[in-house]
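Peer 1: Here is a sequence together with a model predicted from it:
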Amino acid sequence: MNKLIVGNWKMNGGLAANEALLKAVLAGLTSADASVSVGVCAPAPYLPQLQTLLGGSAVAWGAQDVSAHESGAYTGEVSAPMLRDFGCRYALVGHSERRQYHGETDEVVAAKAQRALAAGITPIVCVGETLAQRDAGETEAVVKRQLAAVIHTVGHCSSEIVIAYEPVWAIGTGRTATPEQAQAVHHVLRAQVAAATAHADQRVHILYGGSMNAANAPSLLAQPDIDGGLIGGASLKPADFLQIIQAARR
Ligand code: PGA
């Protein structure tokens, strides 16, 4: 299975900056990178730009969020079919910044995952514990609860999701989980999703996210249950993003 490297630009970028970044990434990819699946998740207004610049390339694109509703009176929301209109392959759901600043519950995140799947978009379901939860020994219980809500809602489609383990204390802090800490949680998530997809022949990608960079990517990606990365800050720097992709080659 190819590893999957996805950039999460968060609320960064602009027409000129996006074009420069994407052109540098496309120019830096070589045939050896064909063994890696690559995507970038941009702010919604730029999705048409990504469709133009990345259409036909090896880089897929996606959104950073999707509405839990199908259509109607939800001012400011963007639905899954709208994202599909612009060629989105992925949508992040339940990023910790959405859970923290926008009050997204496990149930809302699960509904978003289901809306994405129904529109043919792969939801990248983000789970992760806070530092207080880790210190209290609650890491496993927290991530299992977050993933269970999604599995419960999407049922047999669980084999079609991507999971991203992002410890909240590692996001944007420069403090990465050690490869062993990450592997331990990935192993738990692997068992949980495998139990829900007993007859699926496809292994679900479980990405690590949280201060992944060019230096620490090789050791994280070498872990048996780490199938790729969700990259924030380093995805805004083409050289760093390309190095992470290289570290994910088969
Ligand atoms: P970071 O962000 O790589 O900047 O820590 C990761 C994420 O929030 O997806």
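Peer 2: Received, thanks.
Peer 1: Report whether the expected contact of residue 87 with residue 62 is present.
Peer 2: No: using C-beta atoms under 8 Å, residue 87 makes no contact with residue 62, being 9.4 Å away. (Each C-beta comes from the backbone N, C-alpha and C, glycine too.)
Peer 1: These two: who's more crowded?
Peer 2: Ranked by neighbour count (other C-beta atoms under 10 Å), residue 87 and residue 62 place residue 62 first, with 27 against 17.
Peer 1: need the contact list for that one.
Peer 2: Contacts of residue 62 were listed using C-beta atoms under 8 Å, 6 or more residues apart in numbering, and they are 6, 39-42, 83, 88-92, 121-122, 124.
Peer 1: try 10 Å
Peer 2: 6-8, 39-42, 47, 50, 83, 86-92, 116, 121-124 (C-beta atoms under 10 Å, 6 or more residues apart in numbering).
Peer 1: returning to that earlier point: okay, and the common contacts of residue 87 and residue 62?
Peer 2: In contact with both residue 87 and residue 62: 47, 50, 121, using C-beta under 10 Å, 6+ apart.
Peer 1: Now intersect those with the strands, please.
Peer 2: Among those, none falls in strands (DSSP state E).
Peer 1: Mind checking which of the contacts of residue 62 are in strands?
Peer 2: Among these, the members falling in strands (DSSP E) are 6-8, 39-42, 90-92, 122-124.
Peer 1: roughly how far out does stretch 119-137 sit from the chain middle?
Peer 2: Relative to its chain's centre, stretch 119-137 lies at 10 Å (C-alpha atoms, centre = their mean, to the nearest Å).
Peer 1: Kindly export it (C-alpha atoms) in CSV.
Peer 2: Extracted in CSV, the C-alpha atoms of stretch 119-137 (Å, rounded to 0.1, in the frame of the first residue of the first chain):
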residue,chain,number,x,y,z
ALA,A,119,-20.6,12.4,-2.0
GLY,A,120,-17.6,10.2,-3.0
ILE,A,121,-15.1,12.1,-0.9
THR,A,122,-12.7,10.3,1.5
PRO,A,123,-13.0,11.8,5.0
ILE,A,124,-9.8,12.1,6.8
VAL,A,125,-11.1,11.6,10.4
CYS,A,126,-8.8,13.4,12.9
VAL,A,127,-8.6,12.0,16.5
GLY,A,128,-6.2,12.9,19.3
GLU,A,129,-5.9,13.6,23.0
THR,A,130,-5.0,16.8,24.8
LEU,A,131,-2.0,17.0,27.0
ALA,A,132,-4.2,16.9,30.1
GLN,A,133,-5.9,13.7,28.8
ARG,A,134,-2.5,12.1,28.1
ASP,A,135,-1.2,13.0,31.5
ALA,A,136,-4.3,11.5,33.1
GLY,A,137,-3.7,8.2,31.2
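Peer 1: Could I get the contacting residues of the residue lying closest to residue 169 once chain neighbours are set aside?
Peer 2: Leaving aside its chain neighbours, residue 169 sits nearest to residue 131 (3.9 Å; criterion: C-beta to C-beta, 6 or more residues apart in numbering). Going by C-beta under 10 Å, 6+ apart, residue 131 touches 167-170, 173, 175.
Peer 1: quick one: least confident of those?
Peer 2: Among those, residue 175 has the lowest pLDDT, at 87.
Peer 1: from what I can see that residue touches residue 134, true?
Peer 2: No: using C-beta atoms under 10 Å, residue 175 is not in contact with residue 134, being 11.5 Å away.
Peer 1: about what we covered before: could the contacts of residue 131 be laid out in TSV, adding secondary structure?
Peer 2: Shown next, in TSV, are those (DSSP: H, G, I helix; E, B strand; the rest coil):
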residue	secondary structure
167	coil
168	helix
169	helix
170	helix
173	coil
175	coil
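Peer 1: Specify the beta-bridge partners of the most centrally placed residue in the chain.
Peer 2: Per C-alpha atoms, centre = their mean, the C-alpha nearest to the average position across the chain is that of residue 124, at 4.4 Å. Beta bridges link residue 124 to residue 92, residue 162, judged by DSSP bridges.
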